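> Show me the folded form of this:
(one chain, ligands or ions: 1)
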Amino acid sequence: MAIRIGTAGSPTGSNLSGMSALEAAGLHAMEVQFGRGVQMGSALAEKIGEERGRHDVALSVHAPYYINLLSQDDGKREASRARIVESCERARRMGASPVVFHPGYYGEMNKDDAYEEMKKQIRLVLAEIKGWNVAIAPENTGKDSQFGSVEEVLSLAKELKTSFCIDIAHLRAKHRGNEDVKKMLDDLPSGHMHFQYSGVEWNAGGEKRHVPIDEKHFTAFARELIERETDATIICESPDTLNDALKMKRIFERIDSTA
Ligand SMILES: [Zn+2]
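Below you'll find the model as predicted:
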């Protein structure tokens, strides 16, 4: 079993210098954030790729938040696909994978129609990134209005042979704290998993915001992974990403030493 824990974004504020800082701190993953748009040029992506070769830090990418593959507006769907493809282009240069994205909003669509349209849109993205060696990972979401239950994400991944990302905070918010993590883990296919983790607050519509981790909750999650010998990367998305990632690492070490 191999677990890599890392941060959402670089703890130094620079993706280029972040990898050595993480490695020095004993962390081995970093998710490059394109949250507000892909502002990284191709040359910098290349440089980050070279630097990555010098460190034991796995890189992944979070595509921009402004993605709605289910928009009623053709132009907006096309722009959403372009944001994923552009993220993949930089990821390819960095040697980063997967590229995680929030798929979109149901809007007026019923769930079956939304699923079919999502499949169509993701197929168009896959056609553009063919041969790039970058996996795309639709992520489960935390709001009721957002497409992306764990079931939908897993089913897309299976049908389209994509990767996927499970965000535990989103799972909690969608189920208002009554999530069944054991069952979710039992339903996952075998192979490497990409998780995101943080504490979370929710309201009537689901996810409200990410907050620092709850050590007790994370300990229970870590125990489940250890019990299943799951290979995983866990990206800490708490507002205190570096410190919480380090806490998560210590929790794993503590369980391992008492096992
Ligand atoms: Zn996300």
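> report the longest helix in the protein, please.
helix 74-94 (DSSP state H).
> Give me the contacts around that one.
By Cβ atoms under 8 Å, 6 or more residues apart in numbering, the residues outside helix 74-94 that reach it are 32, 34, 37-38, 40, 42, 45-46, 48-49, 52, 59-61, 63-64, 66-71, 96-97, 99, 101, 104, 121, 124-125, 128-129, 132-134, 136. To be clear about C-beta, it is placed using only N, CA and C from the backbone, and glycine gets the same treatment.
> Now do the buried residues in it.
Neighbour counts using 16 or more other Cβ atoms under 10 Å place 76-77, 80-81, 83-94 of helix 74-94 among the buried residues.
> Could you do stretch 237-253 as well?
Quick answer for stretch 237-253 (16+ other Cβ under 10 Å): 237-238, 241-242, 244-249, 251-252.
> got it, and stretch 145-157?
Within stretch 145-157, the residues scored as buried using 16+ other Cβ under 10 Å are 146-150, 152-154, 156-157.
> Repeat that for stretch 194-202.
In stretch 194-202, counting by 16+ other Cβ under 10 Å, buried: 194-200, 202.
> Equivalent analysis for stretch 37-49, please.
For stretch 37-49, by 16+ other Cβ under 10 Å, it's 38, 40, 44-45, 48-49.
> Please convert those residues to TSV, extending it with pLDDT and secondary structure.
Output for the buried residues of stretch 37-49, formatted as TSV (pLDDT from 0 to 100; DSSP: H, G, I helix; E, B strand; the rest coil):
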residue	pLDDT	secondary structure
38	96	coil
40	96	coil
44	98	helix
45	98	helix
48	98	helix
49	98	helix
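> Could you list the low-confidence segments of the protein?
The model of the chain has pLDDT under 70 over residues 1, 259.
> now the strands: where do they sit in it?
3-8, 29-33, 58-62, 99-101, 104-105, 136-138, 146-147, 165-167, 193-197, 199-203, 206-211, 232-236 (DSSP state E).
> Which of those strands sits closest to residue 18?
Closest to residue 18 of the strands of the chain is strand 29-33 (Cβ to Cβ; 5.5 Å).
> so what secondary structure elements neighbour the closest one?
Counting contacts by 3 or more Cβ pairs under 8 Å, 6 or more residues apart in numbering; DSSP states H and E, strand 29-33 is packed against strand 3-8, helix 15-24, strand 58-62, helix 74-94, strand 232-236.
> Now tabulate the ones you listed in JSON lines and tack on distance to residue 172.
Formatted as JSON lines, these follow (distance: least, Cβ to Cβ, whole Å):
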{"stretch": "strand 3-8", "distance to residue 172": "17"}
{"stretch": "helix 15-24", "distance to residue 172": "26"}
{"stretch": "strand 58-62", "distance to residue 172": "19"}
{"stretch": "helix 74-94", "distance to residue 172": "26"}
{"stretch": "strand 232-236", "distance to residue 172": "15"}
